[in-house]
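In: just a sequence and a predicted model for now, questions to come.
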Amino acid sequence: MANPNQKISITEIFGPTINGEGDVVGELTVFVRTGGCTYKCVWCDSLHAVLPEFANTWKKHTTEELVEAVEKQSGGNSMNITLSGGNPAIQPFSDFIDVMQKKGYTFTMETQGDILKEWFRKLDTLVVSPKPPSSLMTTDYDVLALVLKSNRNVSIKVVIMNEEDYEYAIELHLRFPLQEFFISVGNPNPPVVSDKLNYGSGEFDRGEIVNHLEYLINKVANDDRWLRRPRIIPQVHTLLWGNKGGV
Ligand code: SF4
């Protein structure tokens, strides 16, 4: 029985759409974007789910309310649900996962790996996305190591903006060489939603992303430090829809 006192902070629910990157790229999913994050990456493309000035737009849901909202979005068809953010790891999702899995839904979660929760083991897929130096965040490798062991289907995904980020990705791979590894090309011009924190021009440039993708493919192909080459993919949703929200 779900605890009615537990409230989950939600920024937006949208879909069905496709998951844009990592191990679940192309999978049809309903996105549940939570409100609040333990990081503040300078190039975050979802600052409306991070900055306190947007907190009054986040809606608190009980488990029952969230079940109802997601079923409305999916048309009652069981499918994948992506928990994203913000940092979904800070929300009390355990009961929600139980209820929806009984109805046939599956769960993917993406988190930066700075917080460990017991309920991570229930997820069908866990994408851990530690943030590289260009984000201006720092990685707690001890917590990250525990998060990587918290589920049987875990992969690492690193967004690359520059050379320093690439070196960070290699270092991560060498620390966790057995882990499935994805490299994603970052968006150098994410949406600008706040004059307090913005990165790039805010003008989406598909060509710049494609060029960087090609550059990374060649770089990885010629770099023998990889014990097992990572998969290199664009953020498909960004390539398709640019800086448009809610897709
Ligand atoms: S961890 Fe993700 S949601 Fe949080 S600030 Fe960084 S990019 Fe944005």
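Out: Structure's in. What do you need?
In: surely K59 is in contact with E12?
Out: No: judged on Cβ atoms under 8 Å, K59 makes no contact with E12 at a distance of 9.2 Å. Heads up, the C-betas are built off the backbone N, CA and C, glycines and all.
In: pLDDT score for V67?
Out: At V67, the model reports a pLDDT of 98.
In: for P4, that is, sorry about that
Out: pLDDT, P4: 69.
In: begin at 6 from now on, thanks
Out: Renumbered: residue one is now 6, and that last one reads P9.
In: for the strand of greatest length in the chain, what is the distance to the chain centroid?
Out: Determined from DSSP state E, the single longest strand within the chain is strand 13-23. The chain centroid and the centroid of strand 13-23 are separated by 13 Å under Cα atoms, centre = their mean, to the nearest Å.
In: show me where the chain has strands.
Out: Listed in chain order, the strands of the chain (DSSP E) span residues 13-23, 33-39, 64-66, 85-89, 111-116, 130-133, 159-165, 185-190, 236-238.
In: and the longest one, anywhere near the ligand?
Out: No: on the criterion Cβ under 6 Å from any ligand atom, strand 13-23 is out of touch with the ligand, staying 9.9 Å away.
In: which strands and helices lie in contact with that strand?
Out: Counting by 3 or more Cβ pairs under 8 Å, 6 or more residues apart in numbering; DSSP states H and E, the packing neighbours recorded for strand 13-23 are strand 33-39, strand 64-66, helix 68-79, helix 241-246.
In: what's the longest helix anywhere in the chain packed up against?
Out: Counting residues, the longest helix found in the chain (DSSP state H) is helix 211-226. Helices and strands touching helix 211-226, by 3+ Cβ pairs under 8 Å, 6+ apart, are strand 185-190, strand 236-238, helix 241-246.
In: and it, average pLDDT?
Out: Here helix 211-226 scores 91 as its mean pLDDT.
In: got the buried residues for that helix?
Out: With burial defined by 16 or more other Cβ atoms under 10 Å, the residues of helix 211-226 counted as buried are I214, H217, L218, L221, V225.
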